[in-house]
Every structure is written in C-alpha cells, then in structure tokens.
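Participant: need the 3D shape of this:
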Amino acid sequence: MQFLEKLVYSISAQILPTACIACQQFQARYICNACLNVLESNSLIHYECCYQCGIPLQLKELPGQHCLHCKQHSPWFDETHCLDRYNGILQDALHQLKYQKRIIFAHGLAKVWNQIQSTRLEPYSADYLLPVPLSREKLLARGFNQSWEIARRICFNKDIQKLPHALKRHHHISHQAGNALHARHDAIHEMFYIDTQYVDRLTDKTVIVFDDVMTSGATLNEIARILKDIGVLRVINWVLLRTTRLT
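Facilitator: The predicted structure is shown next:
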C-alpha cells in the first residue's frame, strides 16, 4: 500500500500543479522560498525554549533553560522539540489536513519538518516513535490520524522504529479546547494505555512521541506517565506546532 501511495504521489507531482502549503501560491515545491525563509527565520528553533516542555522562555527563565512551570511541576516527559508556534504560517496547512481531510498536506508538513527540524534532531538517539493516537470512535469519524500521517513521512535514523499501534486512547466525548489548564490535566487522566503486546518491547527504551499540536502539555504528559510506568527510560516529544502560554 505504501508503494502504491508513493507511486501515485510521484506521478501526481509530475503532472499536477503544486501549491505552497503556507501561502497557496502555485509553484513547483511544497513550500515556496519566501514562506520557507519566514519559517526558518521565525520558527521556534531560533528561540530560547524550555528544554523540557518547549515553551519559549521569558527573560527571567533563560539562565536555567527551564520554564517556571516545569521547575515547579516537573512533567513526566524529559524533553520537547517543536517546529513552530501554533499561530505561525503552518497553522492553515494543519487545519487543511485535520478538518478538510486533505492528506496531501501531510506530505508538505512532513517535508518541512524534514528540511528544518530533522537535521537538528539527528544526534538524538531513540528506539521507537509513537504518534499520539485518536480514539477508535474519532478515528472512524475522521478517517485518519493526522499525527500519524505526518509522522509516517518523517525521515530520521533508520534505527528508530515507528510503532503506530502501540499507544491507544479511550474515547472521550468532551473537547479540551478552551479548557483551563487544570481542567485539561483532569480530563486527560487515564485516557491512554499501551497495547499489551508492545509493553516488553518498550521497557528500558527511549521513546519519541509525535504530536501535531501541543497546548497545555496535558496529553503528552499523561502519555509520558504511562510510558514511564511500564519502564520506558526517556520520553522525548516531537511537536509540529506549539501554542503560547495558557493560564
């Protein structure tokens, strides 16, 4: 199936017009030079960010490389690497993928990640990559998991194995968007679990968790908690877009 998908995409790229995923101007590449320059100049990789949660640091937080929240309430995950802020030039591309079901944008977003972020993260060694899952009900409704559609196209060290089915999620009818920080953490508790057939493989390993958006960090923190509970040594978050601070 992957071979057929790659073949169709290759042929389409040759015979169909391409639009920049950021500004939608027709041109040959997935992102135009102007938008790529903006992204490379303004993305979060050029900011001093908290080593643990990836949030841009305030001036008083710079010396310790950790935000005050992580110092006071240390999360379960060990480090976080984000490509750009949520309200940046890639926001619409992600919305096109998630809500308009335009899978082609997963190719573009992954290629942007590969071009800008993967080379910077290459020295990091890990054993497995797990995408943040959707519940079975939400997956059936949407038809795909946007985090996996991006993650499956990310290129990195061949020794890192992608496990799209190891992490599972229970269904929850409410949405986190707009909730206060403490409410997000309460709502996500006990929402994830590890498929039992993968537990032994993950024990004593370093795991990368990939998510499309990080807001409060509640989802990634809960995932890191259950991973640490089964014996995972380190949990590293890779995030496409990071929101600003919540209250």
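Participant: contacts for the strand or helix carrying S147 next, please.
Facilitator: Per DSSP states H and E: S147 is located in helix 146-151. For helix 146-151, the surrounding residues in contact (CB atoms under 8 Å, 6 or more residues apart in numbering) are 94, 97-98, 103, 106, 109-110, 113, 129, 131-133, 162, 164, 210-212, 238, 240. The C-beta positions use only the backbone N, C-alpha and C, and glycine is treated the same way.
Participant: in stretch 159-178, what counts as buried?
Facilitator: The neighbour-count check on stretch 159-178 (16 or more other CB atoms under 10 Å) flags I160, K162, L163, A166, L167, R169 as buried.
Participant: just the ones of these in strands?
Facilitator: Using DSSP state E to define strands, the subset of these located there is K162, L167, R169.
Participant: contacts only, for the spatially most central residue of the chain.
Facilitator: The centre of the chain sits closest to D211, judged by CA atoms, centre = their mean, with a distance of 2.5 Å. Contacts for D211 (CB under 8 Å, 6+ apart) come out as P131, V132, S147, T219, L220, N237, W238, V239, L240.
Participant: now it, what's its secondary structure?
Facilitator: strand (DSSP: H, G, I helix; E, B strand; the rest coil).
Participant: just the helices in this protein please.
Facilitator: 2-15, 33-42, 68-72, 91-100, 104-113, 119-121, 136-142, 146-151, 181-188, 199-202, 218-229 (DSSP state H).
Participant: worst average pLDDT in those?
Facilitator: Here the lowest mean pLDDT among those goes to helix 2-15, at a mean of 54.
Participant: tell me which of the helices of the chain sits nearest to D78.
Facilitator: Closest of the helices of the chain to D78 is helix 218-229, at 7.9 Å (criterion: CB to CB).
Participant: got a list of contacts for that closest one?
Facilitator: Here helix 218-229 makes contact (CB under 8 Å, 6+ apart) with 75-78, 80, 130, 132, 167, 176, 181, 184-185, 187-194, 202, 207, 209, 211, 214, 235, 237, 239.
Participant: write the ChimeraX selection for whichever of these are buried.
Facilitator: Listed next is the ChimeraX selection for buried residues among the contacts of helix 218-229, using 16+ other CB under 10 Å:
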select :75,76,77,78,80,130,132,167,184,185,187,188,191,192,194,202,207,209,211,214,235,237,239
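Participant: now the residue nearest to the centre of the chain: closest residue in space, sequence neighbours ignored.
Facilitator: Counting by CB to CB, 6 or more residues apart in numbering, D211 lies nearest to V132, which is 4.3 Å off, once chain neighbours are set aside.
Participant: thinking that neighbour is in contact with L167, fair?
Facilitator: Yes - the pair V132 / L167 is scored as a contact, 7.3 Å apart, by CB atoms under 8 Å.
Participant: any common contacting residues for the two?
Facilitator: The contact sets of V132 and L167 overlap at V209, I223 (CB under 8 Å, 6+ apart).
Participant: what about S74, neighbour count?
Facilitator: 13 (other CB atoms under 10 Å).
Participant: so who does it touch?
Facilitator: Contacts of S74 by CB under 8 Å, 6+ apart are Q52.
Participant: what backbone torsions are found at it?
Facilitator: S74 adopts backbone torsions of phi -60, psi 120, taken as degrees, to the nearest 10.
Participant: what's near enough to touch Q65?
Facilitator: Shown in contact with Q65 (CB under 8 Å, 6+ apart): E48, C50, Y51, L57.
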